[in-house]
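Participant: Next one to model:
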Amino acid sequence: MIEDVLIGILSQNIVLILAAIFLIIVILKGVRIVPQSEKFVVERFGRLHSVLGPGINFVVPFLDVVRHKISILERQLPNATQDAITKDNVLVQIDTSVFYRILEPEKTVYRIRDVDGAIATTVAGIVRANIGKMDLDEVQSNRASLIESIQASVEDAVDDWGIEVTRAEILDVNLDQATRDAMLQQLNAERARRAQVTEAEGHKRAVELQADAELYASEQSAKARRIQADAEAYATSVVAAAIKENGVEAAQYQVALKQVEALNALGEGEGKQTILLPAAALEAFGDAFKLLKGGR
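Facilitator: Model (predicted):
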């Protein structure tokens with residue numbers, strides 16, 4: 001009897017233990033804690049059932065299975081290099097870098113197998129297509145607009161995969177050696193042309209300044225001559241007015257005065273001097289002395 005009771009109690013305990021274990025398993029299977037940086041794709045009977053977001057989620061144990069755990073963090077594709085031909089038939093190598101993140105995991109896991117490879121292939125095709133529409137100079141100078149165009153095209157292409165392209169960068173545009181040499185020659189020729197233009201403009205400016213200076217000097221000289229002529233005309237008019245007013249005797253008096261002053265200047269020279277004058281000059285000086293005496 002005691003053994004039967006013990007066996008019964010042990011059986012009950014085993015059942016309780018098994019029930020507890022089953023309950024724990026059910027709880028573990030029914031509760032899913034999703035990290036902040038991930039999303040879980042849940043299948044029921046092999047079909048998509050739901051997508052679990054970050055936090056605590058409840059599912060039906062043994063029916064709902066978490067089939068995919070997808071990171072929603074931003075990812076960077078490995079830097080890629082692809083060849084492209086510009087509109088003016090120049091072969092270039094484009095180094096690109098693409099950043100993306102998965103927004104809708106249910107599209108990504110069921111529509112595309114190799115996400116990175118698919119995006120890289122799409123980017124390469126879009127880059128070649130956009131480069132083919134532009135000349136080399138436009139590729140070099142309009143890199144920002146080219147990046148925007150590539151990013152917009154890639155976003156449209158990967159939208160069905162539940163992916164968002166956050167950034168697309170062109171890291172470098174490389175040319176072959178022959179093209180580089182040709183561009184260098186063109187650049188040197190352009191620099192030489194600009195230097196010649198600058199030198200010619202400087203020479204032209206110097207000629208213009210010299211001409212302006214000569215014109216200014218001529219204008220000033222003409223003004224000086226005009227002022228001198230005006231002064232002489234004024235002096236002449238004053239003398240004429242004096243002669244008109246005082247008669248010829250006043251004019252003769254001034255001439256005699258100048259002659260006597262000149263004679264005095266000669267006599268005041270240093271040393272003994274002998275001055276020989278013609279008879280006509282002596283008569284003129286005599287007349288001058290008479291006029292002076294009469295004037296006084």
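Participant: Going by C-alpha atoms from here, please, whenever you check contacts or count neighbours.
Facilitator: Will do.
Participant: This protein: strands as residue ranges?
Facilitator: For the chain, the strands defined by DSSP state E occupy 31-34, 38-44, 47-52, 55-58, 64-71, 75-76, 80-85, 91-102, 163-175.
Participant: Serialize those to CSV and add fields for distance to residue 186.
Facilitator: Putting these into CSV (distance: least, C-alpha to C-alpha, whole Å) gives the following:
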stretch, distance to residue 186
strand 31-34, 61
strand 38-44, 54
strand 47-52, 59
strand 55-58, 63
strand 64-71, 51
strand 75-76, 38
strand 80-85, 20
strand 91-102, 18
strand 163-175, 15
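Participant: between the ones you listed, which gets nearest to residue 117?
Facilitator: Ranking those by proximity to residue 117 (C-alpha to C-alpha) places strand 80-85 first, at 11.0 Å.
Participant: so what's residue 107 up against?
Facilitator: 160-162 (C-alpha atoms under 8 Å, 6 or more residues apart in numbering).
Participant: Among the residues you listed, name the ones in helices.
Facilitator: Secondary structure from DSSP state H places none of these in helices.
Participant: List just the nearest of those residues to residue 29.
Facilitator: Of all the contacts of residue 107, residue 29 sits closest to residue 162, with 28.0 Å by C-alpha to C-alpha.
Participant: ok, how many other residues are close to the closest one?
Facilitator: Neighbour count for residue 162, taken as other C-alpha atoms under 10 Å: 17.
Participant: quick one: pLDDT of it?
Facilitator: We have a pLDDT of 91 for residue 162.
Participant: wait, doesn't it sit right on residue 110?
Facilitator: No: counting by C-alpha atoms under 8 Å, residue 162 does not reach residue 110; the two are 10.3 Å apart.
Participant: Make sure residue 32 is actually in contact with residue 53.
Facilitator: No: checked against C-alpha under 8 Å, the pair residue 32 and residue 53 is beyond contact range at 9.9 Å.
Participant: Closest one of the contacts of residue 107 to residue 114?
Facilitator: For the contacts of residue 107, the residue nearest residue 114 by C-alpha to C-alpha is residue 161; the value is 11.1 Å.
Participant: and the closest one, how far is that from residue 96?
Facilitator: From residue 161 across to residue 96, the span is 21 Å (C-alpha to C-alpha, to the nearest Å).
Participant: what's the answer for residue 192, then?
Facilitator: From residue 192 to residue 96 the distance is 35 Å (C-alpha to C-alpha).
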